[in-house]
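here's a sequence, model it:
(one chain, ligands or ions: 4)
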Amino acid sequence: MSVEVFYDDDADLGLIQGRKVAVIGYGSQGHAHALSLRDSGVDVVIGLPTGSKSRPKAEEQGLRVLTPAEAAAEADVIMILAPDTAQRGLYADAIAPNLAPGKALLFGHGFNIRYDLIKPPADVDVAMVAPKGPGHLVRRQYVDGKGVPCLVAVEQDASGSAFALALSYCKAIGGTRAGAIRTTFTEETETDLFGEQAVLCGGAAALVQTGFEVLTEAGYAPEVAYFECLHELKLIVDLMYEGGIARMRYSVSDTAEYGDLSRGPRVIDSRVKDEMRKILGEIQSGEFAREWVAEDEAGRPNFAKWRAEGAAHPIEETGQKLRAMMSWVDRPITETA
Ligand SMILES: NC(=O)C1=CN([C@@H]2O[C@H](COP(=O)(O)OP(=O)(O)OC[C@H]3O[C@@H](n4cnc5c(N)ncnc54)[C@H](OP(=O)(O)O)[C@@H]3O)[C@@H](O)[C@H]2O)C=CC1
Ligand SMILES: CC[C@](O)(C(C)=O)C(=O)O
Ligand SMILES: [Mg+2]
Ligand SMILES: [Mg+2]
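Ligands and ions are numbered 1, 2, ... in the order given. Predicted coordinates for the structure are as follows:
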């Protein structure tokens, strides 16, 4: 099945320029959307709680900051870019009371709609513009005249023009420069969760840590193990990114390619594939979402414990020392680009 892809010429920037947009949240995605919307000539206001540490960052960029309720009341397009776990309460307290027929509710990820944590009224548009990349890259690409590909979806089309509006928003943050793919909230949510759990974040981090452990436990220097299991991963992934796995295999030595072909499937074997299928099942059934919501409501005890354990892993100390020697690596994350 082929997907529909939309580019700048398919989107009418005037639609979003003609609306008032509230961006609720000013973190990784929020700052990128808000600044790029503004730079695209859109009237933007930021919604943040009064004690939010993000407030000064938004104000320093010359953005007007209100409370989420005030911003939602003023705007007729409301983009929710607060953490997924905060969205249900935020919606109930600040957004639902300020919705009116004709307004549009947008999301950067479908979690709360897919798992019925937010149930908007029938007379508002509900759509998603989900950049397929971290917020700081979304902004950096926009500033460089480029864009990060986005997924665009409509859950509820009360106005009859929800998709055109979402595409217009996507153009304003640079997404249609790279391409916007039409999808559904269900497909975006389930594939996004699977990707970050099994491959991009969970799978990759566990693979790197385990490889580092095997080498150092066998007596090899942590510095050498770091280079082999973490540092060079970027160089290899860059080749895959540019030309697929085939390009990577073309560039590495025949010895590496033979080791890849003969040993890789022993590392990621049928047991790992079965576990990935199980993880996908937990996402599809809602089991993961229920677990994550309960963990959050309990004050995140496991999250805090696992995060601390990860930070204390010996690979972090080794990496910190080595990266200090690489002036080109520690590119600071800024709020503007
Ligand atoms: N990170 C990414 O690159 C990607 C994220 N997404 C999605 O984008 C959304 C936002 O994620 P992300 O940018 O990572 O979030 P961040 O954690 O980076 O930022 C969240 C922002 O929301 C603010 N905030 C926290 N609680 C509330 C609240 N109750 N009301 C209003 N604002 C609040 C935070 O303020 P404070 O500073 O005070 O905490 C902060 O400014 C999520 O749906 C996520 O799944 C989608 C694609 C990629
Ligand atoms: C891969 C993590 C991500 O899904 C993303 C940057 O796309 C996220 O939720 O942050
Ligand atoms: Mg993602
Ligand atoms: Mg995600």
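
the one residue in the chain that gets nearest to ligand 1: what's its closest spatial neighbour, skipping adjacent residues?
Across the chain, the shortest distance to ligand 1 (Cβ to the nearest ligand atom) belongs to G27, at 1.8 Å. Quick note: C-beta positions are derived from backbone N, CA and C, even for glycine. Distances taken as Cβ to Cβ, 6 or more residues apart in numbering place S54 nearest to G27, at 6.4 Å, with adjacent residues excluded.

can you check what pLDDT the model gives that neighbour?
pLDDT for S54: 98.

sorry, back to before: got a list of what the residue of the chain closest to ligand 1 touches?
Residues near G27 by Cβ atoms under 8 Å, 6 or more residues apart in numbering: 54, 81-83, 135.

out of those residues, which are buried?
Buried members of the contacts of G27, counted by 16 or more other Cβ atoms under 10 Å: 54, 81-82, 135.

ok, so of the residues you listed, who is nearest ligand 2?
Ranked by distance to ligand 2 (Cβ to the nearest ligand atom), those are led by G135 at 7.6 Å.

if I read this right, the closest one contacts G25, doesn't it?
No. Counting by Cβ atoms under 8 Å, G135 sits too far from G25 to count as a contact (10.1 Å).

would you mind listing what in the stretch 1-150 of the chain touches ligand 2?
Residues of the stretch 1-150 of the chain lying near ligand 2 by Cβ under 6 Å from any ligand atom: P134.

and with 8 Å instead?
28, 109, 130-135 (Cβ under 8 Å from any ligand atom).

just put the residues you listed in CSV and tack on pLDDT, distance to E257 and secondary structure.
Shown next, in CSV, are these (pLDDT from 0 to 100; distance: Cβ to Cβ, whole Å; DSSP: H, G, I helix; E, B strand; the rest coil):
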residue, pLDDT, distance to E257, secondary structure
S28, 97, 36, helix
H109, 97, 37, coil
A130, 97, 35, strand
P131, 96, 33, strand
K132, 94, 29, coil
G133, 92, 29, coil
P134, 93, 31, coil
G135, 97, 36, helix
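
so which of those is the most crowded?
P131 (28 neighbours; other Cβ atoms under 10 Å).

any stretches of the stretch 151-300 of the chain with poor pLDDT?
Judged against pLDDT under 70, the stretch 151-300 of the chain has no low-scoring part.

which residues of it fall in strands?
All strands of the stretch 151-300 of the chain, identified by DSSP state E, counting those that start in this stretch, fall at 180-183.

in it, which residue sits nearest ligand 2?
E196 (4.1 Å).

and G281, how far from L193?
Distance, G281 to L193, using Cβ to Cβ, to the nearest Å: 12 Å.

which one of these two has more residues nearby?
Using other Cβ under 10 Å as the criterion, G281 and L193 rank with L193 on top: 22 against 11.

does that one really touch I283, like I thought?
Yes. L193 is within contact range of I283, at 4.8 Å (criterion: Cβ under 8 Å).

still on that earlier bit, pull the number of nearby residues for the nearest residue to the residue of the stretch 151-300 of the chain closest to ligand 2 once chain neighbours are set aside.
Spatial nearest neighbour of E196, excluding adjacent residues (Cβ to Cβ, 6+ apart): G202 at 6.9 Å. Burial measure for G202: 14 neighbouring residues, criterion other Cβ under 10 Å.
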